[in-house]
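> coordinates for the following, if possible.
(2 chains)
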Amino acid sequence: DGGITQSPKYLFRKEGQNVTLSCEQNLNHDAMYWYRQDPGQGLRLIYYSQIVNDFQKGDIAEGYSVSREKKESFPLTVTSAQKNPTAFYLCASSWSAQDQPQHFGDGTRLSIL
Amino acid sequence: DQQVKQNSPSLSVQEGRISILNCDYTNSMFDYFLWYKKYPAEGPTFLISISSIKDKNEDGRFTVFLNKSAKHLSLHIVPSQPGDSAVYFCAASAGGGTSYGKLTFGQGTILTVHP
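Down below sits the predicted model:
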């Protein structure tokens, strides 16, 4: 079955630590995205990538970093510089950055210990 | 600046009746609109979309209406079923012709369908 896999589903981080969230897709999509969801709010774009070895900042990129070394993988690192990292993180992909809809993974919930 | 707004945080309807979820936007550059459904601890699932060249799109029990002059769209679910209970997000894109179709999401509306 084609889809987007995010792991782990739940993640805990100590203050001052970096943590990396995994996102893998086997849909052969060129474009991939990372969103953050907070309670009572819509999804906000952190980073997106239109193609391998390219990525762009979204609306709330501060404190986050990404890489896109392979088409199927778009990991997100939440750095210690992110002041309020506790949130639900969603990865998405689409055929291209111009195409809709975007298809989402099941998310990773990050909590600070 | 909230460019896409869903002003009703929640909606409760009886099974078999119509559910109407509303969404307003402010950016006149938006030309493509989508509705997503989301269950707790899962990612959003695409439901239905509409381009700004249309004013209505149907897919089974789901119909989306777009009123460009009012910058308003709505999702109608008829008949509503208990399995429809979820959070519904409206999203908009200004991608047409540009290099990137970024999605801007509303805050979501929690729909509860009672048996």
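> list the contacts of B:Asn22.
B:6-8, B:72-74, B:109 (Cβ atoms under 8 Å, 6 or more residues apart in numbering or on different chains). For the C-beta atoms, the positions are set from N, CA and C on the backbone; glycine is no exception.
> tell me the residues of chain B that contact chain A?
For chain B, the contact set with chain A under Cβ under 8 Å from any Cβ of the partner chain comprises B:4, B:6, B:9, B:32, B:34, B:36, B:41-46, B:49, B:89, B:91, B:93, B:95, B:98-108.
> find the residue at the geometric middle of chain A.
A:Trp34 (3.0 Å; Cα atoms, centre = their mean).
> ok, that one - contacts?
A:23, A:45-48, A:58, A:64, A:66, A:74, A:76, A:89-92.
> one more: B:Ala91?
Counting by Cβ under 8 Å, 6+ apart, B:Ala91 has contacts A:42-43, B:4, B:33-36, B:103-106.
> repeat that for B:Pro79.
B:15-18, B:61.
> strand partners (parallel or antiparallel) of the worst-scoring helix or strand of chain B on mean pLDDT?
When the helices and strands of chain B are scored by mean pLDDT, DSSP states H and E, strand B:103-105 comes last with a mean of 91. Strand B:103-105 sits in its sheet next to strand B:86-93 (antiparallel), going by DSSP bridges.
> what residues does chain A have near chain B?
A:4, A:6, A:9, A:40-45, A:48, A:50, A:56, A:58, A:90, A:92, A:97-107, A:109.
> how about the nearest residue to the residue nearest to the centre of chain A, chain neighbours excluded?
Leaving aside its chain neighbours, A:Trp34 sits nearest to A:Ile46 (4.3 Å; criterion: Cβ to Cβ, 6 or more residues apart in numbering or on different chains).
> partners of the helix or strand that contains B:Glu58 in the sheet?
B:Glu58 belongs to strand B:56-59 when assigned by DSSP states H and E. Next to strand B:56-59 in the sheet, as set by DSSP bridges, lie strand B:62-67 (antiparallel).
> and the partner strand, how far from the chain's centre?
8 Å (Cα atoms, centre = their mean, to the nearest Å).
> pull the CA atoms of that strand into PDB?
This file holds the C-alpha atoms of strand B:62-67, laid out as PDB (Å, rounded to 0.1, in the frame of the first residue of the first chain):
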ATOM      1  CA  PHE B  62     -20.400  15.600   0.300                       C
ATOM      2  CA  THR B  63     -20.900  18.900  -1.500                       C
ATOM      3  CA  VAL B  64     -18.800  22.000  -1.400                       C
ATOM      4  CA  PHE B  65     -20.200  25.400  -2.400                       C
ATOM      5  CA  LEU B  66     -18.100  28.400  -3.200                       C
ATOM      6  CA  ASN B  67     -19.300  32.000  -3.100                       C
END
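> immediately after it, which helix or strand?
Counting by DSSP H and E, what follows strand B:62-67 is strand B:72-77.
> low pLDDT regions in chain B?
Applying pLDDT under 70 to chain B picks out residues B:95-101.
> can we see that at 90?
B:1-2, B:40-42, B:94-103 (pLDDT under 90).
> just the strands in chain A please.
Along chain A, counting by DSSP state E, strands occupy A:4-7, A:10-13, A:19-25, A:31-37, A:43-51, A:54-57, A:64-66, A:76-78, A:87-94, A:103-104, A:108-112.
> thanks again, I'm all set now.
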